[in-house]
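Undergrad: sequence and predicted structure below; questions after.
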Amino acid sequence: MIWDIDIHKRLQHGGSSFTLDVAFRSAAPRLVLFGPSGAGKTQTLKVLAGLQRADRGHVRVAGRTLYAAAEGIDLTPQQRRLAYVFQDYALFPHLTVRQNIGFATRRGWANPPRRLQNAGIDRWIATFGLQAVADHYPHQISGGQRQRTALARALMNEPTALLLDEPFAALDKGLRQRLRDDLAALQRALDIPLLLITHDDDDVRALADAVVHLRDGRVQPHPTGVDPQDGLQMQVQA
């Protein structure tokens, strides 16, 4: 089992509250959390990554227990070793592509040297075809190049799984399909579990081995009536 998730968290903002109550299990290497804006997809991803703490439940990924309230286990984001790519990519604007990728190798908040030499950085720059823009800043490169830089940075420390928050939302339609194909090929080549959140049907069709439908903070029954706990049976309805 790759994904074994059962989390409960109550979120409050001002006078409003939102309850996240999400449970699913799946052996799918490429799993999609699908649902409209406000369904709780990003909050779920943050709890998995350890950026927010659940009130109770457990998070187990690829056989590792990352959080289990009953057992007193709550690994830090660094200990969880999950690569998280934010929707806006969260690149440092004052650092070059090479420095952004190399930031994952640093301890603390010291910026990597502009001419940082590292075989791992060189590997990912070559893998994502970023050689020509390695010394450029984020504002000087295209949306697709920014996405590839964020992916390269996320993969620098050999994570056990890759979490992507609406990775194609900021890209124009013509670029999205090519980058979906690139991402699918990368996942197969690295053999790394991938969990992607989206509200775009095209992302589901291109990338999903299985789908978890979220709405209002809860897993919804699949339109075909298949129980979401059955993981790989949750195929996209044509």
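TA: All right, it came through fine.
Undergrad: and the gap between the nearest residue to residue 74 once chain neighbours are set aside and residue 189?
TA: The shortest distance from residue 74 to any non-neighbouring residue, by Cβ to Cβ, 6 or more residues apart in numbering, is to residue 67 (5.3 Å). In short, each C-beta sits where N, CA and C put it, glycine included. Residue 67 sits 29 Å away from residue 189, going by Cβ to Cβ, to the nearest Å.
Undergrad: comparing those two, which residue is more hemmed in?
TA: Higher neighbour count among residue 67 and residue 189: residue 67, with 23 against 9, using other Cβ atoms under 10 Å.
Undergrad: is the more buried one within a helix or a strand, and which one?
TA: Taking DSSP states H and E as the criterion, residue 67 maps to strand 64-68.
Undergrad: and for that strand, what are the contacting residues?
TA: Residues from elsewhere that reach strand 64-68 (Cβ atoms under 8 Å, 6 or more residues apart in numbering): 7, 47-48, 50, 53-54, 57-60, 71, 73-75, 79-80, 82, 160.
Undergrad: ok so, going back, so what's the residue nearest to residue 74 bridging to?
TA: residue 59, residue 74 (DSSP bridges).
Undergrad: quick check: residue 55 touching residue 6?
TA: No - look at residue 55 against residue 6 with Cβ atoms under 8 Å: they stay out of range, at 11.9 Å.
Undergrad: more neighbours, those two?
TA: residue 6 (18 against 14).
Undergrad: which strand residues bridge that one?
TA: Beta-bridge partners, per DSSP bridges, of residue 6: residue 23, residue 58.
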